[in-house]
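Student: Show me the folded form of this:
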Amino acid sequence: GAARPAIWLAALLFGLPFAYGIKLPLLPARSFDLIDIGVWGALAVLGAHLLLAATGRVRLRAGERPAALNWPLPALAAVTGWALVSAAAAAYPALALREWRVVFLNALVFGGALHVALRLTPDPARDRRLLVTAWLAGGAAVSLFGLWGYVLGNDLVSQAEGVRRIQAFYDSGNNLALYLDRTLAVTLGLA
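Tutor: Coordinates of the predicted model:
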């Protein structure tokens with residue numbers, strides 16, 4: 001990942017559908033979500049990549065001036081800031097700030113890491129393909145696990161209103177459907 005940050009980001013994208021609700025106890029009284037570790041680890045990987053580039057061990061994209069940020073990232077930063085104002089004024093600030101971190105801050109950090117990684121790479125088209133392929137492969141893999149559970153009739157399937165629904169590793173089939181819905185949009189965009 002330090003030599004090619006897109007590999008770290010691709011591994012994170014592949015693992016997203018499997019990381020739902022998984023916590024790692026890294027400190028005695030504190031555990032961390034797997035997604036938090038992946039997102040914030042991306043910043044560490046980018047820092048290590050820049051350090052390797054400074055020592056001449058990896059190559060950065062040459063011949064270009066650093067491009068200005070495109071509009072989605074500052075827009076996401078503005079929405080994240082506005083959400084922080086709302087979270088700070090909530091009736092349950094501890095819960096609201098946790099949700100703000102999970103939903104908004106992680107998205108902003110991940111978007112920034114993607115932006116920087118694709119700006120630094122000597123071959124952005126190859127890294128973009130790697131990122132999208134890893135994301136779609138993760139969605140396909142979790143779907144196959146769900147279908148396997150459906151065939152075997154184990155706890156990867158839930159009953160709702162008399163209908164068996166594939167839920168894979170999620171608490172509900174709706175959560176799996178929401179995740180796969182997003183991968184469908186990217187697949188259609190690539191097609």
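Student: CA atoms for contacts and neighbours, from now on please.
Tutor: Will do.
Student: what's the weakest-modelled helix or strand in the protein?
Tutor: strand 157-160 (a mean of 67; mean pLDDT, DSSP states H and E).
Student: Tell me the helix or strand right after it.
Tutor: strand 163-166 (DSSP states H and E).
Student: Locate the residue of this structure with the greatest distance from its centre.
Tutor: Centroid-distance maximum for the chain: Gly162 at 33.6 Å, with Cα atoms, centre = their mean.
Student: what residues are up against Leu73?
Tutor: By Cα atoms under 8 Å, 6 or more residues apart in numbering, the residues touching Leu73 are Leu108, Gly111, Gly112.
Student: three-state assignment of Phe32?
Tutor: Classification of Phe32 using DSSP: H, G, I helix; E, B strand; the rest coil returns strand.
Student: First-to-last residue distance for stretch 29-37?
Tutor: Terminal residues of stretch 29-37 lie 16 Å apart, using Cα to Cα, to the nearest Å.
Student: Buried residues in it, which are they?
Tutor: Asp33, Leu34, Ile35, Asp36 (16 or more other Cα atoms under 10 Å).
Student: Any stretches of this structure with poor pLDDT?
Tutor: Judged by pLDDT under 70, the chain has its weakly predicted residues at 62-69, 155-160.
Student: Helices of this protein, residue ranges please.
Tutor: 5-15, 34-54, 72-88, 93-100, 106-120, 124-152, 173-190 (DSSP state H).
Student: Rebuild those helices as CSV, extending it with distance to Pro25.
Tutor: Shown next, in CSV, are the helices of the chain (distance: least, Cα to Cα, whole Å):
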stretch, distance to Pro25
helix 5-15, 18
helix 34-54, 10
helix 72-88, 26
helix 93-100, 17
helix 106-120, 19
helix 124-152, 24
helix 173-190, 25
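Student: and among the ones you listed, the most buried is which?
Tutor: helix 5-15 (a mean of 22; mean count of other Cα atoms under 10 Å).
Student: Against which helices or strands is it packed?
Tutor: Counting by 3 or more Cα pairs under 8 Å, 6 or more residues apart in numbering; DSSP states H and E, the packing neighbours recorded for helix 5-15 are helix 34-54, helix 106-120, helix 124-152.
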